[in-house]
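# take a look and give me a structure for this.
(one chain, ligands or ions: 1)
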Amino acid sequence: MTQLEIRGLAKRFGGVQALNGIDIAIDGDGITGVIGPNGSGKTTLFNTIMGVHKPTAGQVIWDGRDITGWPAYRIAATGLVRTYQQAMSFPGISVLDNVSIGFEHGCDRAAPRRWTSPESLLGFVGLDGRGDEIAGSLSFGNLRRLGIAVALAAQPRMLLLDEPGAGLNDHEALALRDLILQFPGMGMGVCLIDHDMALMGAVCSRFIVLNFGTKIADGTPADVLQDRKVLEVYLGEDA
Ligand SMILES: Nc1ncnc2c1ncn2[C@@H]1O[C@H](COP(=O)(O)OP(=O)(O)OP(=O)(O)O)[C@@H](O)[C@H]1O
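Sure, this is the predicted structure:
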């Protein structure tokens, strides 16, 4: 069932048309990948859905409600939550406190709790025993895990992941893959952006391709990766 619907979404920054009338319907139980070359509008799509940018035109419908332009904290409280390319934790406080803040204050109160405590959530993302460490002292890979834990603390029903695999080593990328694959079974739809096509191919059942702010393909990974327009964008016109 469609849970998140984007209708004619457009965003212009001065002379740059970053999104050009995008229509997307996303079910609440799958993993959808958004791909496209640098600057094609992927992050702007997430930012405009989540109220970081006001759209120039169009609507964002979540669970049947028009949430266009709502602030991110208000959207998160309804169960639609995102992560950022840069880990957005509070670096000066402990790992546990970072997660506890979301656990106590940022969550969808109507949603069933998947974790009984912040500690059990840290264990789930692979940060067992690291709760007392200062967030800013974590390695890059563990900071990424913390970013996901903070998002999960809000008990999302849909998670938007912005380049969760960027900068991870092979071992960390595999752990991330295994983590993401668990989300649909926990009642969480996932929409993710990443340039790591091994990760995307392993987790996504659907690819949406953007180019210059326009959706140029939408379908199964196998179909999309054979699409002529997609091949042209990635490999050039001779493809
Ligand atoms: N805050 C902003 N102000 C002005 N222009 C912006 C802003 N954010 C994005 N843009 C422009 O909008 C276009 C789309 O950028 P966006 O970051 O959404 O692309 P992307 O597909 O996420 O790229 P990447 O894969 O490199 O992260 C680019 O031309 C970018 O320069």
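# what's the following helix or strand after the helix or strand that Phe103 is a member of?
Per DSSP states H and E: Phe103 is located in helix 95-105. Downstream of helix 95-105, the next assigned helix or strand under DSSP H and E is helix 118-124.
# flag the shaky bits of the chain, pLDDT-wise.
87-88, 106-111, 237-239 (pLDDT under 70).
# residues from it in reach of the ligand?
Selection of the chain residues close to the ligand by C-beta under 6 Å from any ligand atom yields 13, 16, 18, 36, 38-44. For the C-beta atoms, the positions are set from N, CA and C on the backbone; glycine is no exception.
# how about CSV for those residues, with neighbour count added?
Listed next are the residues of the chain next to the ligand as CSV, based on neighbours: other C-beta atoms under 10 Å:
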residue, neighbour count
Phe13, 11
Val16, 12
Ala18, 23
Gly36, 25
Asn38, 6
Gly39, 14
Ser40, 22
Gly41, 26
Lys42, 26
Thr43, 17
Thr44, 22
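# now tabulate those in TSV and tack on secondary structure.
Listed next are those as TSV, based on DSSP: H, G, I helix; E, B strand; the rest coil:
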residue	secondary structure
Phe13	strand
Val16	strand
Ala18	strand
Gly36	coil
Asn38	coil
Gly39	coil
Ser40	coil
Gly41	coil
Lys42	helix
Thr43	helix
Thr44	helix
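# quick check, nearest of these to Gly102?
When the residues of the chain next to the ligand are ranked by distance to Gly102 (C-beta to C-beta), Thr43 comes first, at 21.6 Å.
# ok, the closest residue to that closest one other than its chain neighbours - how many residues close by?
Leaving aside its sequence neighbours, Thr43 sits nearest to Asp162 (C-beta to C-beta, 6 or more residues apart in numbering; 6.0 Å). For Asp162, the count of nearby residues is 22 (other C-beta atoms under 10 Å).
# hmm, Asp162 is touching Arg82, no?
Yes. Shown here, Asp162 and Arg82 form a contact pair, counting by C-beta atoms under 8 Å, at 6.5 Å.
# common neighbours of these two, please.
Phe46 (C-beta atoms under 8 Å, 6 or more residues apart in numbering).
# can you tell me the SS state at Asp178?
helix.
# C-alpha coordinates for the helix holding Phe103, CSV please?
Listed next in CSV are the C-alpha coordinates belonging to helix 95-105 (Å, rounded to 0.1, in the frame of the first residue of the first chain):
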residue,chain,number,x,y,z
VAL,A,95,26.7,7.6,22.6
LEU,A,96,23.9,6.5,25.0
ASP,A,97,22.7,10.1,25.6
ASN,A,98,22.5,10.7,21.8
VAL,A,99,20.2,7.8,21.4
SER,A,100,18.3,8.4,24.6
ILE,A,101,17.3,11.9,23.5
GLY,A,102,15.5,10.5,20.4
PHE,A,103,14.2,7.6,22.4
GLU,A,104,12.5,9.9,25.0
HIS,A,105,11.5,12.9,22.9
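# flag every buried residue along that helix.
Buried residues in helix 95-105, defined by neighbour count with 16 or more other C-beta atoms under 10 Å: 95-103.
# now for that helix, which elements pack on it?
helix 118-124, helix 140-153 (3 or more C-beta pairs under 8 Å, 6 or more residues apart in numbering; DSSP states H and E).
# now the angle from it to helix 140-153?
20 degrees (axes from the mean of the first three to the mean of the last three C-alpha atoms, to 10 degrees).
# not counting helix 95-105 itself, show me its contacts.
89-90, 115, 117-119, 121-122, 127, 130-135, 138, 146, 149-151, 153-154.
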